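Peer 1: Here's my sequence, what's the structure:
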Amino acid sequence: MSRFKHFLAIDWSGAAGARQSGIALALADAAGGPPVLVKGVCGWSRAEVLDLLAHHLPRDTLVGMDLGIALPFADCGAYFPGWSESPGDARALWSMVDDLCERDPYLAATSFVDHPDIARYFRRHGGREGAQFRCDDALHGRGRFRVTEHVQARMGCKPYSNFNLVGAAQVGKSSLTGMRVLHRLAGTLPVWPIDPLPASGSAVVEIYTAMAAMAAGRSASRSKITDYAALGDALAALGSPRVPGQGSLDDHSADALITAAWLRMAAHRPALWNPPDLTPHIARTEGWTFGAV
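Peer 2: All right, here's what the predicted structure looks like:
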């Protein structure tokens, strides 16, 4: 059995503005019962989620955040190959993102991707693909992958590069804004596997909600759920009671609810904490997606 008593799944958002409709939080109790949505006063802002994580978490909570906790490093030997100021590990990257975006409101990351030396590594709106967006092994056109994203692809997922800032599949903005939050949690919450998993207390892991949906019997192309009936079926497949409700619901809430139930089911599996492709160097520079094996 997992040592964690609570499981909090956060469907994250890199969208502009003070509050993001794409942020949803769901909490599952190790003792059982259906996962429950954690409601903000008027939705959620990124700053409010940061405050919850820093000061209001239930004891012994495993927190899953749906974002990339680092950028690709192993493929080119650096986050930003050819740039002398490229950070050497994930925590240095988080610090750089937060420092360069100090004046960006709402924990946004606009100043980072607008930086003249950094912009060339990203795919941006208006057909602007930086000269360094791709690497030699990025032949699929989705940009550079971390090692964990190659593993996700082998599992049947459809990952995109954290250097991609364009389209519905973009994960770059959510990842960069999340890095600002992770930097500000330093000394408060460990982030596995960049930090070792502590023997007690709470911890943060990266999640990919599509993986939870696939564990519940959905395919990668049908991972999104928008009604209570389908949500109930997915939760039942994960050994969880159904969430009361009828009719439609937003897919962000459904993602969070399913992933909270999945974390509760999966956290006790030693293999998920010891993926064969995870080395100490990759842990320090790229991190990992919990469940990618």
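Peer 1: which residues does Val49 contact?
Peer 2: Under the criterion of CB atoms under 8 Å, 6 or more residues apart in numbering, the neighbours of Val49 are 10, 23, 25, 181. (C-beta placed from N, C-alpha, C; glycine too.)
Peer 1: Other residues contacting stretch 188-199?
Peer 2: Applying CB under 8 Å, 6+ apart, the contact partners of stretch 188-199 are 3, 53-54, 57, 63, 69-70, 89-91, 182, 185, 201-205, 273, 278, 283-284, 287-288, 290.
Peer 1: redo that, cut-off 7 Å
Peer 2: Judged by CB atoms under 7 Å, 6 or more residues apart in numbering, the contacts made with stretch 188-199 from elsewhere in the structure are 53-54, 69, 90-91, 182, 202-205, 273, 278, 283-284, 287-288.
Peer 1: Just the ones in helices from the residues you listed, please.
Peer 2: Using DSSP state H, the members of these that fall in helices are 53-54, 90-91, 182, 273, 283-284.
Peer 1: Within the helices and strands, which one has the residue lying farthest from the centre of the chain?
Peer 2: No residue in the chain has its C-alpha farther from the mean C-alpha position than Gln246, which lies at 28.4 Å (CA atoms, centre = their mean). Taking DSSP states H and E as the criterion, no element holds Gln246; it sits outside all helices and strands.
Peer 1: State the distance from it to Ala261.
Peer 2: Gln246 sits at a distance of 19 Å from Ala261 (criterion: CB to CB, to the nearest Å).
Peer 1: try Val147
Peer 2: When distance is defined by CB to CB, Val147 is 27 Å away from Ala261.
Peer 1: how deep is His252 tucked in, by neighbour count?
Peer 2: By the other CB atoms under 10 Å criterion, the neighbourhood of His252 contains 22 residues.
Peer 1: per-residue pLDDT, it?
Peer 2: We note a pLDDT of 96 for His252 in this prediction.
Peer 1: In which helix or strand does it reside?
Peer 2: Under the criterion of DSSP H and E, His252 resides in helix 251-266.
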